[in-house]
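>>> Sharing a sequence plus its predicted fold:
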Amino acid sequence: MSIKRIAIFASGSGSNAEKIAQYFAQHPSVEVSLILSNNPQAGVIARARKLNIPVVLFDKKTFTETQKIVELLQNQRIDLVVLAGFMMLIPEPMVQAFPQKMVNIHPALLPKFGGKGMYGHFVHEAVVAAQESESGITIHYVNEHYDEGAIIFQASCSVSSTDTSESVAAKVQVLEHQHYPAVIEQLLA
Ligand code: GRF
């Protein structure tokens, strides 16, 4: 059986990237081959180094105006592109290069609280402001619009009137770390 190869894109801390990499560290048929970022200050870089996973950094121009990153992924025989806190819109050619082979995790129950500008604390602040009774995660395929691809998996947590955006973020992150690696494994089975 050939090894399935994952590339993870992250722009920030990289706690999801780390959990995914740890989950597959001893896996017989799946490996995290590459971690890529547009942000040289991203915390994900240090986490990748500790996990001995190659890091590729790129700038906005390279990502949006050339095919260098798509070609790199193809040369590396990547089977699944995983976005984990990646803040850039995916250019059309990259979406086309990985049909149903690129996924993202959003820290809310799409289609609510998604779209441009809805990331990180903004999402949880909006959920609290809307006095929602629940929030959660959405794992979905990626297309050329923010947070609009077909939904693969959702998990929810309760939100009460005493919750803050920080306490919601903490509950959502538990769901992220608990479910993203296993959902990825199912997609590659
Ligand atoms: C997570 O909330 C994830 O749902 C969203 O971006 C955040 C990434 O967090 N896509 P981290 O960098 O993996 O800690």
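Structure received.
>>> Tally up the residues packed near the residue in the chain positioned nearest to the ligand, please.
In the chain, no residue comes nearer to the ligand than residue 85, which is 2.6 Å away by CB to the nearest ligand atom. The C-beta positions use only the backbone N, C-alpha and C, and glycine is treated the same way. For residue 85, the neighbour count with other CB atoms under 10 Å is 25.
>>> for residue 19, same thing?
For residue 19, the neighbour count with other CB under 10 Å is 19.
>>> residues from this structure in reach of the ligand?
For the chain, the contact set with the ligand under CB under 6 Å from any ligand atom comprises 10, 12-17, 84-85, 105-107, 176.
>>> hang on, the residue of the chain closest to the ligand packs against residue 19?
No - the pair residue 85 / residue 19 is not scored as a contact, 11.7 Å apart, by CB atoms under 8 Å.
>>> Could you tell me which residues touch both of those two?
Shared contacts of residue 85 and residue 19 (CB atoms under 8 Å, 6 or more residues apart in numbering): none.
>>> What count of nearby residues applies to residue 180?
Applying other CB under 10 Å, we find 24 other residues in the vicinity of residue 180.
>>> So it sits against residue 139, correct?
Yes - if you go by CB under 8 Å, residue 180 and residue 139 touch, sitting 6.5 Å apart.
>>> Common neighbours of those two, please.
With CB under 8 Å, 6+ apart, residue 180 and residue 139 have common neighbours residue 105.
>>> if we can go back for a sec, how about the nearest residue to the residue of the chain closest to the ligand once chain neighbours are set aside, secondary structure?
With sequence-adjacent residues excluded and distances taken as CB to CB, 6 or more residues apart in numbering, residue 85 is closest to residue 12, at 4.6 Å. Three-state assignment for residue 12 (DSSP: H, G, I helix; E, B strand; the rest coil): coil.
>>> dump the residue contacts of residue 12.
39, 42, 43, 44, 85, 87, 120.
>>> How about residue 121?
If you count contacts by CB under 8 Å, 6+ apart, then residue 121 has 165, 166, 169 around it.
>>> how close does it get to residue 9?
To residue 9, residue 121 is 21 Å away according to CB to CB, to the nearest Å.
>>> Same check on residue 158?
For residue 158, the distance to residue 9 - CB to CB - is 31 Å.
>>> Looking at the two, which one has more neighbours?
Ranked by neighbour count (other CB under 10 Å), residue 158 and residue 9 place residue 9 first, with 29 against 12.
>>> Ramachandran coordinates for that one?
Per-residue torsions, residue 9: phi -110, psi 130 (degrees, to the nearest 10).
>>> Isn't it up against residue 82?
Yes - using CB under 8 Å, residue 9 makes contact with residue 82 at a distance of 7.2 Å.
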